[in-house]
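Trainee: all I have is the shape, not the residue letters:
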Ligand SMILES: O=C(Nc1cc(S(=O)(=O)[N+](=O)[O-])cc([N+](=O)[O-])c1O)Nc1c(F)c(F)c(F)c(F)c1F
Ligand SMILES: [Zn+2]
């Protein structure tokens, strides 16, 4: 099965997922100069009645899942033609003292990257159907840099403690991811893909320019999670679960204000 080690990591994903060599793969490096598109309106995150359900360890990341049976938590505006429903969010991070973001900015990585995964429930009947459509998914990426404690992240790092092993899940209700947003929503946007297998080229990426700040101590709690299950004799710390930037292949990146 795919993972992030030498024998099953990003360099060999193309063997089982040939789209890994496709024309709109993610992540990418965001160059210093990006064309500003004045027609791009602001991105709006309507998460007020959002309904988190649980937090789980799927062996690749720690995922907070939401009830996506109605339009209670959606994003719209920016490059999007429809509202997209929040399905889940998860993180990618590095090892001790090493950066672990997926997207880079002018060649620079951040300590971690938060992905809020949404799907186009106006055009498609299910997430799985949307996930294979070119305009099916919208993922908001938020960079994490290290500094002071993040005042709300402890609710997630405490819950991570409960999902140490692959395949574990625990209740996680009433969490509103609005508390994880930076103060301004200026963004870059481009057409790309999932950054994990099946690497579907179905994602409109919306990357917020302003990182949020979390402490090394809080990031350290991410690394107490394991890639491996409780029954496995090998204990592999979950870290460096990121794919590196992929070829731009002529794609346009647009910048909001
Ligand atoms: O739901 C998915 N979420 C997801 C996306 C990313 S992502 O990094 O690719 N991303 O888009 O943010 C990373 C993780 N993660 O846990 O690390 C995820 O769990 N992936 C996904 C899937 F698992 C499938 F089997 C499938 F058929 C499909 F269509 C999918 F879209
Ligand atoms: Zn992701």
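Mentor: Great, that's in hand. Only a predicted model underlies this, so the values are computations on that prediction, with no experimental measurement involved. Residues are numbered from 1 along each chain as shown. Ligands and ions are numbered 1, 2, ... in the order given.
Trainee: what about the helices in the stretch 51-200 of the chain?
Mentor: When secondary structure is read from DSSP state H, counting those that start in this stretch, the stretch 51-200 of the chain shows helices at 127-130, 153-160.
Trainee: how about those, which one is nearest ligand 1?
Mentor: Ranking those by distance to ligand 1, with CB to the nearest ligand atom as the measure, places helix 127-130 first at 5.7 Å. In short, each C-beta sits where N, CA and C put it, glycine included.
Trainee: quick check: mean pLDDT of the closest one?
Mentor: In this model, helix 127-130 has a mean pLDDT of 98.
Trainee: over to stretch 207-222?
Mentor: Stretch 207-222 shows a mean pLDDT of 98.
Trainee: strand partners (parallel or antiparallel) of the least confident helix or strand in the chain by mean pLDDT?
Mentor: Between all helices and strands in the chain, the lowest mean by mean pLDDT, DSSP states H and E belongs to strand 35-36, at a mean of 94. For strand 35-36, the paired strands and their directions (DSSP bridges) read strand 254-255 (parallel).
Trainee: contact partners of the strand it pairs with?
Mentor: Outside strand 254-255, the residues within contact range by CB atoms under 8 Å, 6 or more residues apart in numbering are 34-37, 40, 79, 186-190.
Trainee: so what's residue 36 up against?
Mentor: Applying CB under 8 Å, 6+ apart, one finds that residue 36 lies in contact with 254-257.
Trainee: possible to save those as a markdown table with neighbour count and pLDDT?
Mentor: A markdown table is the format used below for the contacts of residue 36 (neighbours: other CB atoms under 10 Å; pLDDT from 0 to 100):
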| residue | neighbour count | pLDDT |
| --- | --- | --- |
| 254 | 16 | 98 |
| 255 | 17 | 98 |
| 256 | 22 | 97 |
| 257 | 13 | 82 |
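Trainee: ok, so of those, who is nearest residue 136?
Mentor: Of all these, residue 254 has the smallest distance to residue 136: 19.6 Å, by CB to CB.
Trainee: can you tell me which of the contacts of strand 254-255 are buried?
Mentor: Neighbour-count burial (16 or more other CB atoms under 10 Å) applied to the contacts of strand 254-255 gives 34, 40, 79, 187-190.
Trainee: farthest-separated two in those?
Mentor: The distance between the two most remote of these (CB to CB) is 13.3 Å, for 34 and 79.
Trainee: contact partners for the residue lying closest to residue 216 once chain neighbours are set aside?
Mentor: In space, residue 216 comes closest to residue 146 once its chain neighbours are excluded; the distance is 5.2 Å by CB to CB, 6 or more residues apart in numbering. By CB under 8 Å, 6+ apart, the contact set of residue 146 is 111, 213-216, 219.
Trainee: do you know how far residue 215 is from residue 144?
Mentor: When distance is defined by CB to CB, to the nearest Å, residue 215 is 10 Å away from residue 144.
Trainee: and those two? Which one has more around it.
Mentor: The residue with more neighbours, out of residue 215 and residue 144, is residue 144; 26 against 16, by other CB atoms under 10 Å.
Trainee: SS state for residue 218?
Mentor: helix (DSSP: H, G, I helix; E, B strand; the rest coil).
Trainee: these two touch, right, it and residue 154?
Mentor: Yes: checked against CB atoms under 8 Å, the pair residue 218 and residue 154 is within contact range at 7.0 Å.
Trainee: can you pull the contacts of the residue of the stretch 151-257 of the chain found nearest ligand 1?
Mentor: The minimum distance from the stretch 151-257 of the chain to ligand 1, using CB to the nearest ligand atom, falls at residue 194 (3.2 Å). Applying CB under 8 Å, 6+ apart, one finds that residue 194 lies in contact with 26, 131, 137, 200, 202-203.
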